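K.L.:
could you work out the structure for the sequence below:
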Amino acid sequence: MDICALIMAGGKGTRFWPLSTEDKPKQFLKLIGSNTMIQMTVKRILPIIPIERIFVSTGEKYVDLVKEQLPDLPEKNIIVEPEGRNTAPCIALSAMVIKRYYKDSKMLVLPSDHLIRDEEKFRDIILKGNKILDKNNEGIITFGIKPDRPETGYGYIKYGKNNIDKDVYKVEKFVEKPDLETAKEYLNEGNYLWNGGMFLWRTNYIIEEIRKYAPQTYEALHNIENIEESKLQNYINENYRKTDSISIDYAVLEKSEDIFVIPSEIGWDDIGTWKSVERYRKKDEKNNIVNSDVSTIESNSNMIVNNNKKVVMIGIENVMVVETEEATFIVNKEYMDNLKDYQNLI
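P.N.:
All right, here's what the predicted structure looks like:
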């Protein structure tokens, strides 16, 4: 049974403003290396899932960006959401489109904008989940990230103490983002994992779970399998607004009976702040993050994100420079994760 991948790339996040905008959000930016976040996501899984079985869900506004950045992706594999309605409708729509082409597939769901440093180990864990689903017609596999700090910015997965397979556990519950004291308790208890939003299931199974727990969404979209290809997008455009605007967590995962988690240590980060970018970008001997078009003299611990103009820094410390078409921002690094608060300045 083939694994298909769904990469969710419809987010409009502006946490990396002014570099990230609604016209070109985080997943289409080169935040860490020479590839954009969505390109990194695709390259990460290509050794085990060929491009013809990789699907990308996104909004109409971003279709051209997807085509530009993933030129080998078949056009029919771009699933266009007419509007953003949260992850449950997105996954329902995508599962039904995937079933049109791969009737007995499994479906790997991934965000488009996360970092995974140990890519080989990540692929091994996916294949391990695949073997578990080979033994079970029913069930949802999720990949929980082993926490290394009491993080308050992520949701958590609580799992049972007894494993059902080697390093595979039954999920007890999904938990919302905790306060600091609660996060410390989770870390001490040892059976809580960060919810990275990555899942693996049989395509038919998730469609059935959506029918059971989100019937309005199912009814709005279930005819997708039978629609002529030339009329498919029109059908989606007419019916997508009839779905429930709800996350897959609330719609299905909190109600489903058979959810399992594989604790994963894969060097994962959701790259949600400029500080997280700073952690992973290469630094020079003075702790500066620069490219070939930057010169630093007696300058330490700076981050420069420039495009067209050369930047020269002399005697500067702890500053971030971000160049956009509209303006150049020069800020003390203490302010760099609050830049979006100053959008009214340009």
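K.L.:
make it CA atoms for all contacts and neighbour counts henceforth
P.N.:
OK.
K.L.:
wait, doesn't Met107 sit right on Ala5?
P.N.:
Yes. Counting by CA atoms under 8 Å, Ala5 is a contact partner of Met107 at 5.6 Å.
K.L.:
the stretch 151-300 of the chain: helices as residue ranges?
P.N.:
Under the criterion DSSP state H, counting those that start in this stretch, helices of the stretch 151-300 of the chain are mapped to 180-189, 203-213, 215-221, 232-239, 248, 274-280.
K.L.:
quick one: contacts for His222?
P.N.:
Contacts for His222 were tallied using CA atoms under 8 Å, 6 or more residues apart in numbering; they are Met96.
K.L.:
against Tyr154, how distant is it?
P.N.:
Between His222 and Tyr154 the computed distance is 32 Å (CA to CA, to the nearest Å).
K.L.:
same thing with Asn188?
P.N.:
16 Å.
K.L.:
more neighbours: which of the two?
P.N.:
Remark: of Asn188 and Tyr154, Tyr154 carries more neighbours, 17 against 11, as counted by other CA atoms under 10 Å.
K.L.:
list the contacts of the more buried one.
P.N.:
Residues in contact with Tyr154 (CA under 8 Å, 6+ apart) are 176-178, 194-195.
K.L.:
same thing but 7 Å
P.N.:
177, 194-195 (CA atoms under 7 Å, 6 or more residues apart in numbering).
K.L.:
for burial, what's the neighbour tally of the nearest residue to Leu232 once chain neighbours are set aside?
P.N.:
Leaving aside its chain neighbours, Leu232 sits nearest to Ile224 (7.0 Å; criterion: CA to CA, 6 or more residues apart in numbering). For Ile224, the neighbour count with other CA under 10 Å is 22.
K.L.:
Met96 is in contact with Ile224, correct?
P.N.:
Yes. Here Ile224 reaches Met96: they are 6.3 Å apart, a contact under CA atoms under 7 Å.
K.L.:
would you mind finding the longest helix in the protein?
P.N.:
Longest helix in the chain by number of residues (criterion: DSSP state H): helix 119-135.
K.L.:
in that one, what counts as buried?
P.N.:
For helix 119-135, the neighbour count (16 or more other CA atoms under 10 Å) marks 119, 122-123, 125-126, 128-130, 132-133 as buried.
K.L.:
export that helix as PDB, just CAs?
P.N.:
Once non-C-alpha atoms are left out, helix 119-135 reads as follows in PDB (Å, rounded to 0.1, in the frame of the first residue of the first chain):
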ATOM      1  CA  GLU A 119      15.900  13.600   8.500                       C
ATOM      2  CA  GLU A 120      17.000  10.000   8.200                       C
ATOM      3  CA  LYS A 121      15.700   9.200  11.700                       C
ATOM      4  CA  PHE A 122      12.400  10.900  10.800                       C
ATOM      5  CA  ARG A 123      12.000   8.800   7.600                       C
ATOM      6  CA  ASP A 124      12.700   5.700   9.700                       C
ATOM      7  CA  ILE A 125       9.900   6.700  12.100                       C
ATOM      8  CA  ILE A 126       7.500   7.200   9.200                       C
ATOM      9  CA  LEU A 127       8.300   3.700   7.900                       C
ATOM     10  CA  LYS A 128       7.800   2.300  11.400                       C
ATOM     11  CA  GLY A 129       4.400   3.900  11.500                       C
ATOM     12  CA  ASN A 130       3.700   2.500   8.100                       C
ATOM     13  CA  LYS A 131       4.400  -1.100   9.300                       C
ATOM     14  CA  ILE A 132       2.100  -0.600  12.200                       C
ATOM     15  CA  LEU A 133      -0.700   0.400   9.800                       C
ATOM     16  CA  ASP A 134       0.100  -2.600   7.700                       C
ATOM     17  CA  LYS A 135      -0.900  -4.700  10.700                       C
END
